[in-house]
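A.B. asks: Requesting a structural model of the entry that follows:
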Amino acid sequence: MHIPDGYLGPQTYVPLYGMTIGFWAIASNKIKKQMSLKYVPYLAMAAAFSFLIQMFNVPIPGGTTGHAVGAGIIAILLGPWTAVLAVSVVLIIQAFLFGDGGITAIGANSFNMAVVMPFVSYGVFRLVKGSAEGSRRLAVAAFLAGYIGLLMAALVTAIEFGIQPLIATGADGRPLYAPYPLSIAVPAMVIEHLFFFGIVEGLVTMLLFKYFLKHERDLVYALSNS
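C.D. replies: Numbering: from 1, shown residues only. Purely as a prediction, here's the structure:
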């Protein structure tokens, strides 16, 4: 899901940089005010977990790749604003040190995986959870949070790809950046995440949530801030 350099034009990646920097600033301020020192190691572990799970990057048809992200479980455990910074740090490190995702696309990749996904996942979890406290309902909420969160991140990524031929073409009419229209980009990204990567993300989110629910319930942000 990491967008490389050359796939998005400046008409797309510059505004996404601006939006993402805004989210980073808000997240930083909120974490400074709300997070106590005892949660700092968890923030580091969350970033390490996201980095590890994203290393399993599988190529898929249509010239894209798919992987789990871990943003959903981080949002549930530590809050969506914490997830914004934790996952963004991972994406920046990957871009600069490992060439996984382009430098010009850091804003877009961070927006997709560190903004869209955490907030969608957190919202889905709270919506499905409702006022229930039973472990089965909570487990379902965690699965759907991870699943739908990753699916929405993939959809947003596909839209960013798919609009390039519409907004950036040369004098001969050929696309300057990502060449695939929405009719190709959206199915290429969404179908694979719908039937495989989203399920993996949902299962990882659910299993980790169940562990923390049993052993560290007080840590779970989405429960303590109901």
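
A.B. asks: how about the helix or strand harbouring Ala75 as CSV, C-alpha atoms only?
C.D. replies: Assigned by DSSP states H and E, Ala75 belongs to helix 71-78. Extracted C-alpha coordinates of helix 71-78, given in CSV (Å, rounded to 0.1, in the frame of the first residue of the first chain):
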residue,chain,number,x,y,z
ALA,A,71,-3.0,1.2,13.0
GLY,A,72,-6.4,-0.1,14.1
ILE,A,73,-5.2,-1.9,17.3
ILE,A,74,-3.0,1.0,18.2
ALA,A,75,-6.0,3.4,17.9
ILE,A,76,-8.1,1.1,20.1
LEU,A,77,-5.4,0.6,22.7
LEU,A,78,-3.7,4.0,22.8
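
A.B. asks: and it, how far from the chain's centre?
C.D. replies: 10 Å (CA atoms, centre = their mean, to the nearest Å).

A.B. asks: May I see the buried residues of the helix or strand just after that helix?
C.D. replies: Reading on from helix 71-78 to the C-terminus, the next helix or strand found by DSSP H and E is helix 80-93. Buried positions in helix 80-93, judged by neighbour count with 16 or more other CB atoms under 10 Å: 80-92. C-betas here are computed from N, CA, C, even on glycine.

A.B. asks: which helices and strands does the longest helix belonging to the chain pack with?
C.D. replies: Across the chain, the longest stretch assigned as helix under DSSP state H is helix 135-162. Secondary-structure packing of helix 135-162 (3 or more CB pairs under 8 Å, 6 or more residues apart in numbering; DSSP states H and E): helix 71-78, helix 117-129, helix 182-192, helix 198-215.
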